[in-house]
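# Sequence first, predicted coordinates after that:
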Amino acid sequence: MKVISFLGSPRVNGNTELLLAEAVKAIEEQGHEVTIFRPARMNIGPCESCGACEGTGECIITDEMDDVYKAIYEGHRFIISTPLYFASLTAQIKTVIDRCQAIWSAKYLLEKPIPEGADGRKGLLLMAGGMKSEKQFQGGELVAKAFFRTINVSSHETLYFKKIDAEGDIKKHPTALKEAYEAGRKLVL
C-alpha cells in the first residue's frame, strides 16, 4: 500500500512534523511505503486559474507538482500534517491543494475520477494550532475535506491539537504523539 503524505509546515522538526513522524512510523512498521512531500522545500507555483485543465484534466504548469500528481494517482492512503495559520492550512499546503484543480476538472468536468482501487482511498488530517478555541480548526477541516474528496478519498480521520504554538509544544501534550501513531496504524488496516 502506498501512503502519500504532505507536510504543510515550513518549520524543520516542527510540531506537525513530529506528529507526522509518529504516523509514518506506525505505517512503516506494518511494511507500507510512505512518500513525504514537503511543499515548503519544493518548486511548486500557484494555480494561475488559466482554465486549461478544464478541457484536459491536466495542469499546463511544469514544476515539481508533476511528482505530486503522479503520487496522488498512484497512492492509496493520504496524510496532511499542518499547522494552522489564521484558522486555515498553510500557504505551502494550500498551493498544492489549489493546483489539484486539474484533478477536480478531470473528476467533475470530464467525469474521469481517480479509481478507488480494491482497498479504497482513505485519508488522515493532522493539525496543530496555537489558539485555545476549537473553532480555529473548522476552516482547515473544510479545505482538507474538499481536497480529499477531489482526489477520491471518501473518508478521512481528523486529529487536531489546540494551544500548540511554540517549537516542541506537541511533546508536552499528554496524548498527541500516541494519537498520531495510532491514527497512522489505523490508516493502513
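Sure, I can see it.

# ok, now how distant is the residue located most distally from the centre of the chain from L19?
Using Cα atoms, centre = their mean, the residue of the chain lying farthest from its centre is G55. It sits 26.1 Å away. Shown here: G55 relative to L19, a distance of 39 Å by Cβ to Cβ, to the nearest Å. C-beta: built from backbone N, CA, C; applies to glycine.

# now swap in N43 and tell me
Relative to L19, N43 is positioned 25 Å away (Cβ to Cβ).

# Just list whatever residues bridge to the most centrally placed residue in the chain.
Centre of the chain computed as the mean C-alpha position; nearest residue by Cα atoms, centre = their mean is I80, 2.4 Å away. On the basis of DSSP bridges, I80 is bridged to F6, L125.

# these two touch, right, it and I93?
Yes: the criterion here is Cβ atoms under 8 Å, and I80 meets it with I93 at 6.3 Å.

# what do the two both touch?
Residues touching both I80 and I93 by Cβ atoms under 8 Å, 6 or more residues apart in numbering: F6, G8.

# Show me the strands in this protein, by range?
Ranges of strands within the chain are 2-7, 33-37, 77-85, 88-89, 122-128, 155-161, based on DSSP state E.

# Export those as JSON lines, with columns for distance to K172 and mean pLDDT.
Listed next are those as JSON lines, based on distance: least, Cβ to Cβ, whole Å; pLDDT from 0 to 100:
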{"stretch": "strand 2-7", "distance to K172": "21", "mean pLDDT": "98"}
{"stretch": "strand 33-37", "distance to K172": "24", "mean pLDDT": "97"}
{"stretch": "strand 77-85", "distance to K172": "16", "mean pLDDT": "97"}
{"stretch": "strand 88-89", "distance to K172": "23", "mean pLDDT": "94"}
{"stretch": "strand 122-128", "distance to K172": "12", "mean pLDDT": "98"}
{"stretch": "strand 155-161", "distance to K172": "10", "mean pLDDT": "97"}
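
# To C47, which of these lies closest?
Closest approach to C47 among those (Cβ to Cβ): strand 88-89, 14.7 Å.
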